[in-house]
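Visitor: Quick one, fold the following:
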Amino acid sequence: MCELLALSANTPTDMRFSFHGLTRRGGATGCHGDGWGVASFDPDGHGVHLYREDAPAAFSKAAAEVAALDLKAHCSIAHIRKATRGVVALENCHPFQRHWHGQEWVFAHNGHLEGTLPETPLFRPEGSTDSEAAFCWILGELERAGLAAEDEAGLFEALTRASVQLTSAGIFNGLISNGRWLFAYASTKLHRITRRAPFARATLADDDLSVDFTELAGPNDVVTIVSTEPLTSDERWTPLVPGEALLLRGGEVIRRAGPLGAPAESE
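Guide: Numbering: from 1, shown residues only. A predicted model of the protein is given here:
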């Protein structure tokens, strides 16, 4: 299956270090060589930068160039693909992007879903993956529920319910962001780490590269990284419990729902 990566931060932050580690798993230290993608939201809320390629990230000149970009954001999502549904093609590379209620929404998925999801007239897949079909279905469910884009609590509850329903059809580890917050749901496997003062040095698990965050971060910076597997070898990552949903804003977990879609709780 695929691997996921996301960032939530209280100040515009790049995820070059984490993305570089992820790209190594895209054909070098891992078998996820069927494509990659990065979505980074403008901190001022004016849009999202989306980069995708249907090639192994570990050997991609384009991926290396994106990894070197100073894409500072409050929210970013990245993905490396191992094709299980749909051919190797650009339109099947995550993250997927859609416009909903005046906002840009971005989605990436790890897992597989059996069966066919009901189509929604407002959102149709451009590729042939179960992941993009799930994204379109989720947005259709939000539209059907009549939720407002500013209803953070309502959206979290609806996204959690939709994730639980999708999990009943297979494996659904998903990331969704509108640039203001990051939603994460773990059907089987996701990990997270929050970095805040006092910062320390971290070393990638898939490359001989380390960063001293004391030299890069300010004293009030808070950054949470979510990934399928821990990306560093010398930090303590927290696994999400299967069935756990999180809503992060500014690097902090602001809402959490327990396994089996238990009622949402604020942090």
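Visitor: low pLDDT regions in the chain?
Guide: For the chain, applying pLDDT under 70 flags the ranges 1, 260-267.
Visitor: Output the longest strand belonging to it.
Guide: The single longest strand within the chain, with elements called by DSSP state E, is strand 3-13.
Visitor: which helices and strands sit right next to it?
Guide: Judged by 3 or more Cβ pairs under 8 Å, 6 or more residues apart in numbering; DSSP states H and E, the packing partners of strand 3-13 are helix 16-24, strand 73-80, strand 103-110, strand 173-177, strand 182-186, strand 222-227. Backbone N, C-alpha and C define where each C-beta goes, glycine included.
Visitor: can you dump the C-alpha coordinates of the fifth one into CSV?
Guide: Extracted C-alpha coordinates of strand 182-186, given in CSV (Å, rounded to 0.1, in the frame of the first residue of the first chain):
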residue,chain,number,x,y,z
LEU,A,182,-5.7,18.8,9.3
PHE,A,183,-7.9,15.8,9.8
ALA,A,184,-6.3,12.4,10.2
TYR,A,185,-8.0,9.0,10.6
ALA,A,186,-6.2,5.7,11.3
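Visitor: partners of that strand in the sheet?
Guide: When pairing is defined by DSSP bridges, strand 182-186 lines up against strand 173-177 (antiparallel), strand 244-249 (antiparallel).
Visitor: among the ones you listed, which is the most enclosed?
Guide: strand 173-177 (a mean of 26; mean count of other Cβ atoms under 10 Å).
Visitor: Can you pull the phi/psi pair for Phe41?
Guide: With angles defined as degrees, to the nearest 10, Phe41 sits at phi -80, psi 140.
Visitor: What residues are bridge-paired with Arg195?
Guide: Beta-bridge pairing of Arg195 under DSSP bridges involves Val223.
Visitor: all helices in the protein, in order from the N-terminus.
Guide: Ranges of helices within the chain are 16-24, 61-68, 130-144, 152-167, based on DSSP state H.
Visitor: circling back to that earlier point, find the one among the helices and strands packed on strand 3-13 with the highest mean neighbour count.
Guide: Across those, averaging neighbours per residue (mean count of other Cβ under 10 Å) puts strand 73-80 on top, at a mean of 28.
Visitor: what helices or strands is it leaning on?
Guide: Judged by 3+ Cβ pairs under 8 Å, 6+ apart, the packing partners of strand 73-80 are strand 3-13, helix 16-24, strand 36-41, strand 103-110, strand 173-177.
Visitor: List every C-alpha atom in it, with coordinates, as PDB.
Guide: The C-alpha coordinates for strand 73-80 follow below in PDB (Å, rounded to 0.1, in the frame of the first residue of the first chain):
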ATOM      1  CA  ALA A  73       2.700  26.300   5.300                       C
ATOM      2  CA  HIS A  74       0.400  25.800   8.200                       C
ATOM      3  CA  CYS A  75      -0.700  22.600   6.600                       C
ATOM      4  CA  SER A  76       0.900  20.300   4.000                       C
ATOM      5  CA  ILE A  77       0.200  16.700   2.800                       C
ATOM      6  CA  ALA A  78       2.400  14.300   0.900                       C
ATOM      7  CA  HIS A  79       2.000  10.800  -0.400                       C
ATOM      8  CA  ILE A  80       4.000   8.000  -2.100                       C
END
